[in-house]
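# structure for the following, please:
(chains A and B)
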Amino acid sequence: MSDLGLVLAVAAITYATRLAFLVRPKQVPEGPLGRFLEVFPLALFVVIATSGLAAPSGEPAITPTLAAALGGVAGAILFRRNLWGVLGVGAIFFYSTRALVG
Amino acid sequence: MLDSASFRKGLRDSVVILFAVGAFGLAFGVLAVDAGFSPWLATVSSVLIVSGAAQFTMIGLLSGGAVPILLAATGLGLRHLPMSATLAAVIGPQPLARRLRLAWVLVDETFGLSVRAVAAGVDDIVAYKSAADLMLYSGWVAGTVIGAWFGGSIDPEAVGVGVMLPLLFLGLAAPMIQRRRDWVVAASAVAAALLATLVLPPAWQITGAATLASLVGIGFGE
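Purely as a prediction, here's the structure:
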């Protein structure tokens, strides 16, 4: 498969998964599926944050990104869960730690 | 729609995404050309795929042939299914063209902002998400163009761009943790994410860990 063909195939797969429930209007799911959909976004965001901050190279490791995680949590507490507070304090912790330990 | 308060709020709220995703797009452009893509193909992939996870995986596995890449893209894409269902429920009946457009940029970042906007009571979530999509798409494609065509001397890792997206998701998750069940889901997600790095192939880690943590949340009840 050519590189262009590969790009088109990945684009098709990605778009198909995004479109799955949007292609036809549906009612709000109820029961277990509805409850699953209620909690899934939070689980997804925490998983992405944890993977990127506690295991940035694919497995758990002690790196300056852990300091960013601590800073992000501190920012959430200090700035009442404000997005910019999390980003700002997390970034400060990350760059400070990296400057100190390399 | 373009002059609505919800659209303007979407633009304001997603400024952070414009820059964070732009930096990642730049990193992708640099790495894609480094992996053997022409600058044109790197740009086309960002225009068509609009998925950092799928695109970084694609260039990472490029030397292994098409099959592992397509399997990985499928694994990564599975997390879009519940996102798609949630968004469909939130926006209600809409014209087909609009649903096709909203699906095009159904990515973690704009989905996260939209979920937060729904909880915050934003009136027109379609306008809000359209604005966030526009910012993300602009940042992603522009970043890729700069990285692919002019980024030969840039080392994205050296400036630490990798930390901003996970921090963004931490920031999106924080206000969603309100009830006891949310704490259980968040704690389960941390544990599942770490466990997944040890037992699952990379392409399935995020989908698998998020699904496991969600099931724990359902089991916990309200």
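# quick one: neighbours of residue A:99, just the number.
When neighbours are counted by other C-beta atoms under 10 Å in any protein chain shown, residue A:99 registers 9. Placement of C-beta: from N, CA and C, glycine included.
# using the three-state scheme, assign it.
helix (DSSP: H, G, I helix; E, B strand; the rest coil).
# identify the residues contacting the closest residue to chain A within chain B.
Closest to chain A within chain B is residue B:166: 2.7 Å, counting by C-beta to the nearest C-beta. Counting by C-beta atoms under 8 Å, 6 or more residues apart in numbering or on different chains, residue B:166 touches A:48-53, A:56, A:65, A:68-69.
# restrict those to those near chain B?
A:48-53, A:56, A:65, A:68-69 (C-beta under 8 Å from any C-beta of the partner chain).
# could you point out which element follows the helix ranked longest in chain A?
Scanning chain A for the longest helix, with DSSP state H as the assignment, gives helix A:31-54. Proceeding N to C from helix A:31-54, the next assigned helix or strand is helix A:64-78, under DSSP states H and E.
# specify the angle between that following helix and helix A:31-54 in degrees.
Following axes from the mean of the first three to the mean of the last three C-alpha atoms, to 10 degrees, one obtains 120 degrees for the angle between helix A:64-78 and helix A:31-54.
# just checking, what packs against the strand or helix carrying residue B:132?
For residue B:132, the element it lies in under DSSP H and E is helix B:125-150. Helix B:125-150 sits against helix B:5-13, helix B:15-35, helix B:39-48, helix B:80-91, helix B:96-104, helix B:108-119, with contacts defined as 3 or more C-beta pairs under 8 Å, 6 or more residues apart in numbering or on different chains; DSSP states H and E.
# any idea which of those helices gets closest to residue A:60?
Nearest to residue A:60 among the helices and strands packed on helix B:125-150 is helix B:108-119; the distance by C-beta to C-beta comes to 21.4 Å.
# and the residue of chain A found nearest chain B, how many neighbours?
Per C-beta to the nearest C-beta, residue A:52 is where chain A lies closest to chain B, at 2.7 Å. Neighbours of residue A:52 under the rule other C-beta under 10 Å: 23.
# now rank the contacts of residue B:166 by neighbours and give me the top one.
That'd be residue A:68 among the contacts of residue B:166, by other C-beta under 10 Å, with 35 neighbours.
# ok, that one - contacts?
A:53, A:90-91, A:93-94, A:97, B:163, B:166-167.
# got these as a markdown table, with secondary structure columns?
Below are those laid out as a markdown table (three-state DSSP):
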| residue | secondary structure |
| --- | --- |
| A:53 | helix |
| A:90 | helix |
| A:91 | helix |
| A:93 | helix |
| A:94 | helix |
| A:97 | helix |
| B:163 | helix |
| B:166 | helix |
| B:167 | helix |
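# what separates stretch A:46-64 from the chain centre, distance-wise?
Relative to its chain's centre, stretch A:46-64 lies at 11 Å (C-alpha atoms, centre = their mean, to the nearest Å).
# then it to CSV, C-alphas only?
Output in CSV follows, covering the C-alpha atoms of stretch A:46-64 (Å, rounded to 0.1, in the frame of the first residue of the first chain):
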residue,chain,number,x,y,z
VAL,A,46,-8.0,10.9,33.4
VAL,A,47,-6.5,8.0,31.5
ILE,A,48,-5.0,10.3,28.9
ALA,A,49,-3.7,12.6,31.6
THR,A,50,-2.2,9.8,33.6
SER,A,51,-0.6,8.1,30.5
GLY,A,52,1.0,11.3,29.4
LEU,A,53,2.2,12.5,32.8
ALA,A,54,3.0,9.3,34.7
ALA,A,55,4.1,7.1,31.8
PRO,A,56,5.2,9.5,29.0
SER,A,57,7.5,7.0,27.3
GLY,A,58,5.1,4.1,27.5
GLU,A,59,5.6,2.7,31.0
PRO,A,60,5.4,4.3,34.5
ALA,A,61,8.5,6.4,35.2
ILE,A,62,9.7,9.1,37.5
THR,A,63,10.2,12.1,35.2
PRO,A,64,9.5,15.9,35.4
